[in-house]
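Asks: sequence and predicted model, in that order:
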Amino acid sequence: MKAHERRISMRVPAQFKVNFIHEGDYLISHTRDISIDGMFLYTETPPAVHEHTELTFSIGNLHDVVLKAEVVWVNHAHSTKDSGMAVKFIDPQEDLVAAILGIIHRVAVFPEQ
């Protein structure tokens, strides 16, 4: 089963800057997509799966959000435009979840029921 098939939460395309710390280095990246429980970040030097990292980003009306995350999947693609990592948020605050849901509801098209 592929990583995207195990997702519980819907991911939507979203591009914004994210800073993260890896091996003591402060790195700047960008997202490809986001869900209420994680995101995909472009990077050529991702931490290993199961490692923790600290993310800093702004989303919606929230600025300089600092959040711990666990690396759950790494893509070592030949193309730098696809290299990166999927991270799972660790204990996100309610205001962050609300901001992400706001983005998801603006971007996602839900089927009529």
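Replies: Alright, I've got the coordinates. Residues are numbered from 1 along each chain as shown.

Asks: check contacts around the residue nearest the centre of the chain.
Replies: With the centre of the chain defined as its mean C-alpha position, the nearest residue by CA atoms, centre = their mean is Met39, 1.8 Å away. Taking CB atoms under 8 Å, 6 or more residues apart in numbering, we find Met39 in contact with Arg11, Ala14, Val18, Thr31, Arg32, Asp33, Ala86, Val87, Phe89. Just so you know, the C-beta spots here come from the backbone N, C-alpha and C atoms, and that holds for glycine as well.

Asks: what of Val49?
Replies: Applying CB under 8 Å, 6+ apart, the residues contacting Val49 are Val71, Val72, Trp73, Val74.

Asks: so of these, which ones are in strands?
Replies: For these, membership in strands holds for Val71, Val72, Trp73, Val74, with DSSP state E as the criterion.

Asks: of all these, which two lie farthest apart?
Replies: The largest distance within the ones in strands among the contacts of Val49, taken as CB to CB, falls between Val72 and Val74 and amounts to 8.7 Å.
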